[in-house]
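Engineer: Build the 3D model from these lines:
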Amino acid sequence: MEAAIITIMALLFLSFVALGVYVTVKAVKAAKRGVDRTIDQARRTVEDTTLRAKSFGQAGVAGELARLRLSLRTSMRATQEALQAGVGEDASLKESLDLFHRLSAHGLELDDDLRRLEREPDRAWVSGQLPDLTARTERITGSADALRRAARDRALKFAEDDLSALSDQIDVEAGALRHWTGPETTSAGTGATGTAPGGRTGWGQSSEQHEQHGQAGQAAPGHEDERPAITAPDPRRTPYSWEKSARPETTT
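Structural biologist: Numbers count the residues shown, from 1 in each chain. The predicted structure is shown next:
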């Protein structure tokens, strides 16, 4: 029995150790990925700033190469961000994102070629390569821009359709809210008249019964002294201001 308990405790200890190691490794990998992303972003920012400075501050071949690289990187990054942001809401963009990945391979190859040519000492030969490099850059950036604009137009179209449908529903609801006069209000107004349908008065009596009660209320000759004496009102039936008055009988 004691050996079984010791074995169980040892297994639990090893499980906790293994779990701790796993969590630690995951945390280290996550931190490393965060650091790598930060370093990559900082490196891209520095490189883009350098290219922008070269494209405006240098003339000739060096300035043209910097301009091509900056144009390529800006277009590809904007398209990548737009597609990755939209694919979560529109699954149809997954195919567009796959096409962009294939296009990125050509873009990275061109960027590497341009980077190598920046260090080429033969400026005359590099100048002869500029027309082909410019054409390649324009083809890649043109395709990236087409994907990005199509994704943006698609998102705007869906947003416009959704807004139109919502506006139609709101118009229908607003129209329904304005019809506040209906059969219930009309019947309620009819019940407020003095005489209800069927010859009944507002107190729930017919006109004949009302006349009979009126005639019975007149005292017969010689019986005036037989009326009961006036007595004080019953205090148990005295209404107070906070009590609700009795509701009249409803006509049926």
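Engineer: Which other helices and strands does the strand or helix carrying Thr79 contact?
Structural biologist: Using DSSP states H and E, Thr79 sits within helix 60-86. Where contact means 3 or more CB pairs under 8 Å, 6 or more residues apart in numbering; DSSP states H and E, helix 60-86 is packed against helix 2-57, helix 93-118, helix 123-178. Bear in mind the C-beta positions are built from the backbone N, C-alpha and C, glycine included.
Engineer: quick one: average confidence on it?
Structural biologist: For helix 60-86, mean pLDDT is 92.
Engineer: Tell me the confidence at Lys168?
Structural biologist: Let me fix one detail, which is that residue 168 is Asp and not Lys. Confidence at Asp168, expressed as pLDDT, is 94.
Engineer: number of nearby residues for it?
Structural biologist: Using other CB atoms under 10 Å, Asp168 has 10 neighbouring residues.
Engineer: Out of the helices and strands in the chain, which is least certain?
Structural biologist: The helix or strand of the chain with the poorest confidence is strand 200-201; it has a mean of 42 (mean pLDDT, DSSP states H and E).
Engineer: quick one on the thing from earlier: buried stuff in the helix holding Thr79?
Structural biologist: Burial within helix 60-86, assessed by neighbour count using 16 or more other CB atoms under 10 Å, is assigned to 61-62, 64-73, 75-76, 79-80, 82-83, 86.
Engineer: Lowest average pLDDT across the helices and strands packed on helix 60-86?
Structural biologist: helix 2-57 - the lowest mean pLDDT of those, at a mean of 77.
Engineer: If we go by neighbour counts, what in stretch 43-53 is buried?
Structural biologist: Neighbour-count burial for stretch 43-53, counted by 16+ other CB under 10 Å, picks out Leu51.
Engineer: thinking again about what came up before, now the helix holding Thr79 against helix 93-118, angle please.
Structural biologist: For helix 60-86 and helix 93-118, the angle between their directions (axes from the mean of the first three to the mean of the last three CA atoms, to 10 degrees) works out to 160 degrees.
Engineer: Kindly report the domain assignment for this protein.
Structural biologist: 1-57, 58-171 (automatic domain parsing).
Engineer: Same list, those, but as CSV with distance to Leu177 please.
Structural biologist: Supplementary listing: the domains of the chain in CSV, determined by distance: least, CB to CB, whole Å:
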stretch, distance to Leu177
domain 1-57, 52
domain 58-171, 10
